[in-house]
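# Sequence first, then the predicted structure:
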Amino acid sequence: MRGEWFKDHWRQVHMDFHMPEWPDDAIDSFDAKAFVAHLARGKVNMVALFAKCHFGNSFYNTKVGHKHSGLPNDFLMEAAEECRKQGIRTIAYYSFCWDKHAWDDNPDWRWVNAEGETFGAERPWGILCMNTPYREELCLPQIEEIARDYPVDGFFLDIPYAPEPCFCKFCKKKFKAIYDIELAPNVPDELLQRFKVGTCASWLREIRGICDRHNPDLILLPNGLGHLRHSREVLLLQDVACWESQPKPGDYLTHSYSSRQVRTLPRPAQVMTVRFYQGWGDLTLKPAPQLTSEFAVMLANGMESNSGDQVNVNGTLQPPVYDLFAESFGFVEAREKTLKDAKTVPHTAVLLPEPDAGLPMAYYAPEDWAAWRGAHKTLVESHVQFDLLLSGDVDKLADYEVVILPEPCAYTDHVLEQLRMWAASGGTLIAVGGSLVKRGDIALKNVLGVELVDPSPFSLSHFKLYPEVRGETAGLPLQLRGASYKVAPSTAEVLADLHYPMAEYQPPVKAFRSPHSPAQPTPSGYPFITVNAFVEGRGVYVAGSLFEVYWRTNHHWLRQTMDALYRHLVPEPPFRVDAAPNVEANLMRSGGDMLLNLVQYQLGHQGGQTAIAAIERVDPIHDIKCSVKAPANAAVILEPEGEEIPCSCKNGYVGFTVPSLKYMAIARVTRKRAKKKAR
Ligand SMILES: [Zn+2]
């Protein structure tokens, strides 16, 4: 496969270099040898080098574009040649839909909204349309110059989409030619979205053709098209998918979320953070414990590490950044040998609906994907072995024992049928909230063993768990700050009761101290959780939006409910970890061995809403009790130290205590070596 080398390059830098021409000293001190020496010192083995930036300035000797006026030499050629000498792979960065120079000089190339407005005059850079001759007159000829003449290994294609549909005269002409209707604001959004995806797919195919003519080994890495908001049509045109997943205020789970999703894609992928504290180009620097913690999450979840950097105005690099990289990439380097060729063990899949390969996922997924983020957070914190699997990859179902359906219900009939057959052959299907509710009915009702009566009219729900699924929750009616569904069991058994609130909040007539009313003491007569035997498998239904509400509220009893339900359904999981919810675990297979990876999130205080919690120092936590399913002759070795630790085999598991977890602990479960016979 093209770009096979990518999977062996674990220490990647995305070298941002968006540079206007007004600073007097812009790029006057670039020195390829010194530049690449920093990369080598920082243990970088793959780097994106700029060919053209958002300002529309090219960083190489282009004949068709505008070269940055401050650059006397050929940055791209010199840096790429020097990288090749040092064994560092390079990809050429090219900015598509943002280009100030092209926007200023070519009014016809501008992206235009439904009201006829363009954007660029008051911004650092303008937005361009890829259906205008900008593509043929500038972008494709420049890509051809680089593909033909430069010693790079591929392209990083940035800003592949304009933010919204474009209504320029070229889009109108093309739209009419394809669909035989006029492009106007009243065209259904679905068609506009298809047109947008099709536009991107068409120029990606053209770029592939250019590369194939000059150097078929060149890889295409379009930014963001590996992210869940995009479509399979463009995903399949990439050699490597990319997801920028740098932490956001209050949210460090982004690398885990992206990694657990992209690792199931039919393409290798890159998840990307930045060395900056807040975001691109601000030139602030994270503490090493913060960057190392982020890299550890990527590694533990089966990904390479990647960080953004930014070139100084004068074309040099900042030495302290490469001290940081030397430390954080050094951490990665020390674990590469252990993790090389290791693959995550499939067990539980959260199946994300992907109803149409030609539409962006963002078209139908709920705002901020709260149910998906909530499902991920719940399962990470409950130490469940799981992937986030797109329903377009439903042919992989046979690899999984448990499938969880978050909301919304957007599964195709084909996917539903596959789920039914998979459950019949022994799978455990867990449907949550409205994940199977469509057009006033519930899909897969034979699997779930319930009939839909109605959505509950209450905006608040309460539930009481039966003893077998009570887990760590308090013995109270538990609150769910969201609606639920009234279902009647046909063949299913009940594991929890739904309780209505005393009243819907209706001040001043009916109200309590809190708008969240207490529960009615007697059950509603409808279940909140059911389990149903279906042929060889089972269908489980949770009658409220547990994941979405957990993401919104952090109400720990919701996580504990799912944890207890999961343990009840899966009494013998692939591993068990006795640790706090801020420890994450992932099990991999490497040859005949298993690797249990542990990471932790040791955040500072949150501060205000826009602040990102710092990780200034990480202290090890100690003595984490673990067990992994293994034969009775198992031994456990800590990696990369190679130190064997005591273990005991019982009931199909090997039990051991990880003595210390700082950023990451790797426990290799292997076969006990035969003792040498005494002669
Ligand atoms: Zn257009």
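Here it is on my side, so go on.
# From now on I want contacts and neighbour counts done on CA atoms only, so please keep to that.
OK.
# Wasn't residue 396 part of a strand?
No: using DSSP: H, G, I helix; E, B strand; the rest coil, the secondary structure at residue 396 is helix, not a strand.
# The residue of the stretch 451-600 of the chain found nearest the ion is in what secondary structure piece?
Here the residue of the stretch 451-600 of the chain nearest the ion is residue 548; by CA to the ion that distance is 36.6 Å. Element membership for residue 548, per DSSP states H and E: helix 546-553.
# who does that helix touch, helix- and strand-wise?
When contacts are defined as 3 or more CA pairs under 8 Å, 6 or more residues apart in numbering; DSSP states H and E, helix 546-553 sits against helix 370-381, helix 556-569.
# If we use 6 Å, what do you get?
Identification of packing neighbours for helix 546-553 by 3 or more CA pairs under 6 Å, 6 or more residues apart in numbering; DSSP states H and E yields helix 370-381.
# quick one: the helix it packs on to helix 556-569, angle?
Counting by axes from the mean of the first three to the mean of the last three CA atoms, to 10 degrees, helix 370-381 lies at 70 degrees to helix 556-569.
# May I have helix 370-381 as CSV, with CA atoms only?
Presented in CSV, the C-alpha positions along helix 370-381 are these (Å, rounded to 0.1, in the frame of the first residue of the first chain):
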residue,chain,number,x,y,z
ALA,A,370,-22.7,14.9,22.5
ALA,A,371,-24.0,11.4,22.6
TRP,A,372,-20.9,10.1,20.9
ARG,A,373,-18.6,12.1,23.1
GLY,A,374,-20.6,10.9,26.1
ALA,A,375,-20.4,7.3,25.1
HIS,A,376,-16.6,7.6,24.7
LYS,A,377,-16.2,9.3,28.0
THR,A,378,-18.4,6.7,29.8
LEU,A,379,-16.5,3.8,28.4
VAL,A,380,-13.0,5.2,28.9
GLU,A,381,-13.8,6.0,32.5
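# what separates the nearest residue to residue 605 once chain neighbours are set aside from residue 281, distance-wise?
Nearest non-adjacent residue to residue 605, counting by CA to CA, 6 or more residues apart in numbering: residue 613, 5.8 Å away. With the distance defined as CA to CA, to the nearest Å, residue 613 ends up 19 Å from residue 281.
# Just the helices from the stretch 201-350 of the chain, written as ranges.
Ranges of helices in the stretch 201-350 of the chain, per DSSP state H, counting those that start in this stretch, are 232-235, 254-262, 288-300, 319-339.
# residues contacting the residue nearest to the spatial centre of the chain?
Central residue of the chain (CA atoms, centre = their mean): residue 258, 1.4 Å from the mean position. Listed by CA atoms under 6 Å, 6 or more residues apart in numbering, residue 258 has no contact partners.
# Report the buried residues of the worst-scoring helix or strand of the chain on mean pLDDT.
One helix or strand of the chain scores below all others by mean pLDDT, DSSP states H and E: helix 232-235, with a mean of 90. Neighbour-count burial for helix 232-235 flags 232-235 (criterion: 16 or more other CA atoms under 10 Å).
# what's next to it, contact-wise?
Here helix 232-235 makes contact (CA under 6 Å, 6+ apart) with 201, 357-358.
# Contact residues of the protein facing the ion?
Residues of the chain lying near the ion by CA under 5 Å from the ion: 129, 166, 168, 171.
# mind redoing it with 6 Å?
Counting by CA under 6 Å from the ion, the chain comes close to the ion at 111, 129, 131, 166-168, 170-171.
# low pLDDT regions in the chain?
Across the chain, residues meeting the criterion (pLDDT under 70) sit at 366-368, 675-679.
# ok so, going back, buried ones in the helix holding residue 548?
Those would be 546-551, for helix 546-553 by 16+ other CA under 10 Å.
# mind giving me TSV with the helices of the stretch 201-350 of the chain and columns for distance to residue 22?
Formatted as TSV, those follow (distance: least, CA to CA, whole Å):
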stretch	distance to residue 22
helix 232-235	37
helix 254-262	37
helix 288-300	33
helix 319-339	25
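# closest one to residue 621 among those?
Nearest to residue 621, of all the helices of the stretch 201-350 of the chain, is helix 288-300, at 13.9 Å by CA to CA.
# Pull the contacting residues for the nearest residue to residue 520 once chain neighbours are set aside.
In space, residue 520 comes closest to residue 502 once its chain neighbours are excluded; the distance is 5.0 Å by CA to CA, 6+ apart. Contacts of residue 502 were listed using CA under 6 Å, 6+ apart, and they are 518-520.
# now with 8 Å?
Going by CA atoms under 8 Å, 6 or more residues apart in numbering, residue 502 touches 517-520.
# Buried ones only from those, please, as a ChimeraX command.
To isolate the buried ones among those in ChimeraX, judged by 16+ other CA under 10 Å, type:
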select :517,518,519
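# In helices, which of the contacts of residue 502 appear?
In helices, judged by DSSP state H, none of the contacts of residue 502 are found.
# Using JSON lines, please lay out the contacts of residue 502 together with distance to residue 120.
As requested, the contacts of residue 502 are exported to JSON lines (distance: CA to CA, whole Å):
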{"residue": "517", "distance to residue 120": "51"}
{"residue": "518", "distance to residue 120": "54"}
{"residue": "519", "distance to residue 120": "55"}
{"residue": "520", "distance to residue 120": "58"}
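# Taking the contacts of residue 502 together, which two end up most distant?
Most distant of the contacts of residue 502, by CA to CA, are 517 and 520, 9.0 Å apart.
# okay, and the common contacts of those two?
The contact lists of residue 517 and residue 520 share 501-502, where a contact means CA under 8 Å, 6+ apart.
# what number of residues lie near the nearest residue to residue 614 once chain neighbours are set aside?
With sequence-adjacent residues excluded and distances taken as CA to CA, 6+ apart, residue 614 is closest to residue 604, at 5.1 Å. By other CA atoms under 10 Å, 13 other residues sit near residue 604.
# Residue 604 should be in a strand, yeah?
No: secondary structure of residue 604 (three-state DSSP): coil, not part of a strand.
# for it, what are its contacts?
Counting by CA under 8 Å, 6+ apart, residue 604 touches 613-616.
# Quick check: the farthest pair among those?
Within those, 613 and 616 form the most distant pair, 9.4 Å apart (CA to CA).
# Looking at the two, which one has more neighbours?
Ranked by neighbour count (other CA under 10 Å), residue 613 and residue 616 place residue 613 first, with 22 against 14.
# Would you agree that one is in contact with residue 249?
Yes: in this structure residue 613 lies within contact range of residue 249 using CA atoms under 8 Å: 6.9 Å.
# Quick check: neighbours shared by the two?
In contact with both residue 613 and residue 249: residue 606, using CA under 8 Å, 6+ apart.
# buried sites along stretch 174-181?
Across stretch 174-181, burial judged by 16+ other CA under 10 Å covers 174-175.
# which residues sit against that stretch?
Contacts of stretch 174-181 (CA under 8 Å, 6+ apart): 131, 182-183, 195.
# again, only this time at 10 Å
If you take CA atoms under 10 Å, 6 or more residues apart in numbering as the criterion, stretch 174-181 is touched by 131-132, 167, 169-173, 182-184, 187, 191-192, 195, 199.
# And those, which two are furthest apart?
Farthest-apart pair in those is 132 and 187; separation 20.4 Å (CA to CA).
# Spit out the contact partners of residue 190.
196, 358-360, 363-364.
# Please repeat the previous calculation with a cut-off of 8 Å.
By CA under 8 Å, 6+ apart, the contact list for residue 190 reads 359, 363.
# In contact with the residue of the stretch 501-650 of the chain found nearest the ion, which residues?
For the stretch 501-650 of the chain and the ion, the shortest gap (CA to the ion) falls at residue 610, measuring 34.7 Å. Residues in contact with residue 610 (CA under 8 Å, 6+ apart) are residue 249.
# What values do phi and psi take at it?
phi -90, psi 0 (degrees, to the nearest 10).
# Can you flag the buried ones in the residues of the chain next to the ion?
Judged by 16+ other CA under 10 Å, buried ones among the residues of the chain next to the ion: 111, 129, 131, 166-168, 170-171.
# Can you flag which of those belong to strands?
Members of these lying in strands (criterion: DSSP state E): none.
# Reformat the residues you listed as JSON lines; add distance to residue 432.
Putting those into JSON lines (distance: CA to CA, whole Å) gives the following:
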{"residue": "111", "distance to residue 432": "41"}
{"residue": "129", "distance to residue 432": "41"}
{"residue": "131", "distance to residue 432": "42"}
{"residue": "166", "distance to residue 432": "38"}
{"residue": "167", "distance to residue 432": "40"}
{"residue": "168", "distance to residue 432": "43"}
{"residue": "170", "distance to residue 432": "45"}
{"residue": "171", "distance to residue 432": "41"}
